[in-house]
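>>> Sequence and predicted structure are below.
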Amino acid sequence: MKSTKKLKYIKLIAISILIVMFSSCYKPTAKESMQDLKLLEGKWKSYKGIAFNENWSRINENELKGEGYSLNNQDTSFYERLSIKIKNDSVYYSVFLKSGKSTDFKLEKAKKAKWTFINPENEFPSIINYEVKNDTLLHICISNIRGNKEQFFWLKK
């Protein structure tokens, strides 16, 4: 009787380990990542920290358009146009400058609700991390390539 319980317990542990291993191995394609990035759609307002907002809308299955801005009373003190789209089988996050040029960050790590975009050539930020929690909270962290200079944004839908 005791050996049967031990065997069931060992099987349960083995199954649990396999589930953890397979769930941590999620390596989405560019199309799957764009599907997951639908979580960003909507209007996001800061709820603590730096006063910053982002709005995202889906253009098609391969592209999201966005804008990021800060308000000082009723005046816009900072504004940037954003895009996330598939280029050459990879996903890129782009920030469009006033000059019309863009700075592109390649999606290097992706999970269902967490994405890391990197451009090692850009001085700051070099890394942009997005994480959606509970479908209504968005945490953004930007940092330099060494990760020792970080800026955090906490937004709510």
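That came through, no problem. Predicted model, so just to flag it, every value in this text is computed and none were measured.
>>> Can you show me the strands along the protein?
42-49, 53-60, 63-72, 75-87, 90-96, 102-110, 114-118, 127-133, 137-143, 150-156 (DSSP state E).
>>> so which of those strands gets nearest E32?
Distance to E32, taken as Cβ to Cβ, is lowest for strand 102-110 among these, at 8.1 Å. C-beta: built from backbone N, CA, C; applies to glycine.
>>> List the residues that contact the spatially most central residue of the chain.
Centroid-nearest residue in the chain, with Cα atoms, centre = their mean: Y130, separated by 2.7 Å. Neighbour list for Y130: 40, 114-115, 117, 138-140 [criterion: Cβ atoms under 8 Å, 6 or more residues apart in numbering].
>>> Quick one: buried ones out of those residues?
40, 115, 117, 138, 140 (16 or more other Cβ atoms under 10 Å).
>>> who's in contact with the first one?
Translated: L40. 54, 56, 64, 66, 84, 130, 132, 138.
>>> surely the third one meets I86?
Same thing as L64. No. In this structure L64 lies outside contact range of I86 using Cβ atoms under 8 Å: 10.4 Å.
>>> who has more neighbours, these two?
Using other Cβ atoms under 10 Å as the criterion, L64 and I86 rank with L64 on top: 20 against 17.
>>> So what pairs up with the residue lying closest to the more buried one once chain neighbours are set aside in the strands?
With sequence-adjacent residues excluded and distances taken as Cβ to Cβ, 6 or more residues apart in numbering, L64 is closest to I84, at 4.4 Å. Per DSSP bridges, the residues bridged to I84 are L64, Y93.
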